[in-house]
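*Asks:* What would the 3D arrangement of this be:
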Amino acid sequence: MLNAAKTSIFFSKNTQAEFKDFLRSSAGISITSSYEKYLGLPALVGRSKYKTFARIEGRVRKKMDGWKEKFLSQAGKAIPTYSMSVFQLPKKLCNSLNSLVSRFWWGKNYESKREAGQICNLVLSPLGSADQIVWQGTKHGLFSVKSAYHLEMQHRKQSRGESSKTGLVERIWKTLWNLNVPPVVKHFAWKVIHKVKAIIEDFDGASAKMEKERRLSGPGRVRWQKPPVGIMKINWDAALHKENKHMGVGVVICDDKGDVVVALSKIVPYIVDPLTAETVVVWHAARLVCEMGFQNVLMEGDSLSVIQELQKQGPNGSGCGQLIIDTKSILSSLDSVSFQHVKRDANKVAHCLAKFALSQMLDKVWVEDCPPIIQPIVLAKQAEDY
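*Replies:* I've put the predicted structure just below:
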């Protein structure tokens with residue numbers, strides 16, 4: 001049974017008036033001239049599906065503009081799942097909805113960009129190794145009360161802000177704020193001093209790190225040497241461009257005569273940490289070795305930390321542990337593999353190729369050919385009978 005009060009009939013423009021009157025009088029229901037929606041959905045879809053469903057985009061935009069806190073549950077509620085379960089939405093509309101969601105998550109404010117950068121910087125296992133929980137307060141990734149204490153003290157120090165009330169720093173700040181200049185000039189000078197201070201601190205930190213690396217590495221070798229007979233030597237290095245958040249990969253494989261057999265120059269995005277960059281490079285080097293079918297290799301790099309991690313046995317809980325595990329897994333099928341640390345001067349060819357990747361922003365592989373960018377270095381070393 002039909003409820004005549006809630007039922008109406010809609011005719012197309014081609015329907016004759018006599019037929020409309022006959023059907024209305026026979027069925028006892030009213031005629032409507034517009035039937036735009038049924039259960040919130042359009043009852044008729046014309047030639048332009050995008051115009052028909054354009055209201056969906058407007059509703060999604062309105063919801064997202066009104067939200068102040070960005071939670072996944074809220075973003076999920078904005079997706080027109082009911083409409084999509086009934087109609088196949090046009091591709092143009094789907095692209096617009098994707099753009100709205102993308103702008104919602106990766107907005108223009110600083111916090112969103114920072115979060116997006118942190119997500120992009122995550123190094124995932126290329127081989128799909130199982131996830132593991134890592135404590136970043138220690139190098140080995142295991143929690144300790146001591147590391148938690150130091151981390152808390154660091155956070156408290158940062159929350160209190162820097163102290164500038166003693167010695168030379170105090171006199172600088174007092175002189176600055178007592179200057180007879182407009183406030184905007186004082187503020188600009190304050191920003192410049194802070195930036196200079198940050199650069200000096202970064203330089204001091206880098207110098208301390210290099211000094212520690214030098215002490216740990218001992219005398220070391222500063223000249224490249226040919227590998228033993230029947231062994232392929234793989235030199236690898238990374239170069240960083242922190243502003244563009246890219247890293248360059250440089251891998252050079254030489255035979256026991258010192259000739260370049262294979263070389264790789266490659267760009268990897270979203271890597272800004274030096275240790276992570278070196279770990280990513282050695283993974284690419286291991287993959288290149290297996291692709292070329294070499295079985296007896298000597299892996300040589302100037303990152304002592306990565307070399308030590310590769311030489312360790314058992315599980316690896318460090319921040320780059322997954323890549324280390326993957327690299328070992330790739331190399332496990334070879335007949336023999338050894339790892340050796342050298343100074344930067346003995347690793348110039350790989351470093352030069354990594355810098356070349358950043359300058360060219362392209363990926364390239366040379367097989368049985370020496371890249372022109374490193375040819376002068378190779379010829380110079382051969383002249384020295386290295």
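
*Asks:* Tell me how the chain divides into domains.
*Replies:* Structural domains of the chain, as assigned by automatic domain parsing, span the residue ranges 8-105, 162-217, 232-383.

*Asks:* Output the ones you listed as a markdown table; include the columns distance to residue 138 and mean neighbour count.
*Replies:* Where C-beta positions appear, they are placed from N, C-alpha and C, glycine not excepted. Converted to a markdown table, the domains of the chain look like this (distance: least, C-beta to C-beta, whole Å; neighbours: other C-beta atoms under 10 Å):
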| stretch | distance to residue 138 | mean neighbour count |
| --- | --- | --- |
| domain 8-105 | 31 | 12 |
| domain 162-217 | 17 | 11 |
| domain 232-383 | 8 | 19 |
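
*Asks:* Out of these, which gets nearest to residue 136?
*Replies:* Proximity to residue 136 (C-beta to C-beta) singles out domain 232-383 among the domains of the chain, at 6.0 Å.

*Asks:* Reformat the domains of the chain as CSV; add distance to residue 132 and mean pLDDT.
*Replies:* Supplementary listing: the domains of the chain in CSV, determined by distance: least, C-beta to C-beta, whole Å; pLDDT from 0 to 100:
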stretch, distance to residue 132, mean pLDDT
domain 8-105, 24, 67
domain 162-217, 26, 68
domain 232-383, 7, 88
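
*Asks:* For the ones you listed, could you give me JSON lines that also reports distance to residue 149?
*Replies:* Shown next, in JSON lines, are the domains of the chain (distance: least, C-beta to C-beta, whole Å):
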{"stretch": "domain 8-105", "distance to residue 149": "33"}
{"stretch": "domain 162-217", "distance to residue 149": "21"}
{"stretch": "domain 232-383", "distance to residue 149": "20"}
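
*Asks:* Show me the one of these that comes nearest residue 148.
*Replies:* Relative to residue 148, the nearest member of those by C-beta to C-beta is domain 232-383, separated by 15.7 Å.

*Asks:* before we move on, back to that, closest one to residue 144 among the domains of the chain?
*Replies:* Using C-beta to C-beta, the nearest of those to residue 144 is domain 232-383, at 11.9 Å.

*Asks:* how about residue 330, what does it touch?
*Replies:* Residue 330 makes contact with 127, 283, 286, 287, 289, 290, according to C-beta atoms under 8 Å, 6 or more residues apart in numbering.

*Asks:* quick one: which two of the residues you listed are the most distant?
*Replies:* Farthest-apart pair in those is 127 and 289; separation 15.3 Å (C-beta to C-beta).

*Asks:* quick one on the thing from earlier: and which of the contacts of residue 330 is nearest residue 157?
*Replies:* Checking those against residue 157 with C-beta to C-beta, the nearest one is residue 283 at 35.7 Å.

*Asks:* Isn't that closest one up against residue 325?
*Replies:* No - shown here, residue 283 and residue 325 do not form a contact pair, counting by C-beta atoms under 8 Å, at 10.1 Å.

*Asks:* mind listing what residue 224 touches?
*Replies:* Shown here is residue 224, whose contacts under the criterion C-beta under 8 Å, 6+ apart are 235, 342, 346, 347, 348, 349, 381, 386.

*Asks:* Looking at those, which one is closest to residue 308?
*Replies:* residue 342 (13.8 Å).

*Asks:* I'd say that closest one and residue 300 touch.
*Replies:* Yes - because the distance of 5.6 Å satisfies C-beta under 8 Å, residue 342 is recorded as touching residue 300.

*Asks:* Now residue 263: phi and psi?
*Replies:* Dihedral angles phi and psi of residue 263 (degrees, to the nearest 10) take the values phi -140, psi 150.

*Asks:* Could you give the bridge partners of it?
*Replies:* Partner residues in beta bridges with residue 263: residue 252, residue 366, with DSSP bridges as the criterion.

*Asks:* Surely it touches residue 365?
*Replies:* Yes - counting by C-beta under 8 Å, residue 263 sits close enough to residue 365 to count as a contact (7.1 Å).

*Asks:* Tell me what residue 247 is bridged to.
*Replies:* Using DSSP bridges, the beta-bridge partners of residue 247 come out as residue 240, residue 268.

*Asks:* And the strands in the stretch 101-250 of the chain?
*Replies:* Residue ranges of the strands in the stretch 101-250 of the chain, as given by DSSP state E, counting those that start in this stretch, are 232-241, 246-254.

*Asks:* Turn those into CSV, columns for distance to residue 180.
*Replies:* Output for the strands of the stretch 101-250 of the chain, formatted as CSV (distance: least, C-beta to C-beta, whole Å):
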stretch, distance to residue 180
strand 232-241, 43
strand 246-254, 46
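
*Asks:* Among the ones you listed, which comes closest to residue 272?
*Replies:* With C-beta to C-beta as the criterion, residue 272 lies closest to strand 232-241 of the strands of the stretch 101-250 of the chain, at 6.4 Å.

*Asks:* Please name every helix or strand in contact with that closest one.
*Replies:* Judged by 3 or more C-beta pairs under 8 Å, 6 or more residues apart in numbering; DSSP states H and E, strand 232-241 is in contact with strand 246-254, helix 274-292, strand 296-301, helix 348-360.

*Asks:* That one vs strand 246-254, what angle?
*Replies:* Between strand 232-241 and strand 246-254, the angle comes out at 160 degrees (axes from the mean of the first three to the mean of the last three C-alpha atoms, to 10 degrees).

*Asks:* Against residue 294, how distant is residue 335?
*Replies:* Computed with C-beta to C-beta, to the nearest Å, the distance linking residue 335 and residue 294 is 9 Å.

*Asks:* do residue 171 as well
*Replies:* When C-beta to C-beta is the yardstick, residue 171 and residue 294 sit 62 Å from each other.

*Asks:* Repeat that for residue 63.
*Replies:* Applying C-beta to C-beta, one obtains 57 Å for the distance of residue 63 from residue 294.

*Asks:* Please consider this matter closed, and thank you.
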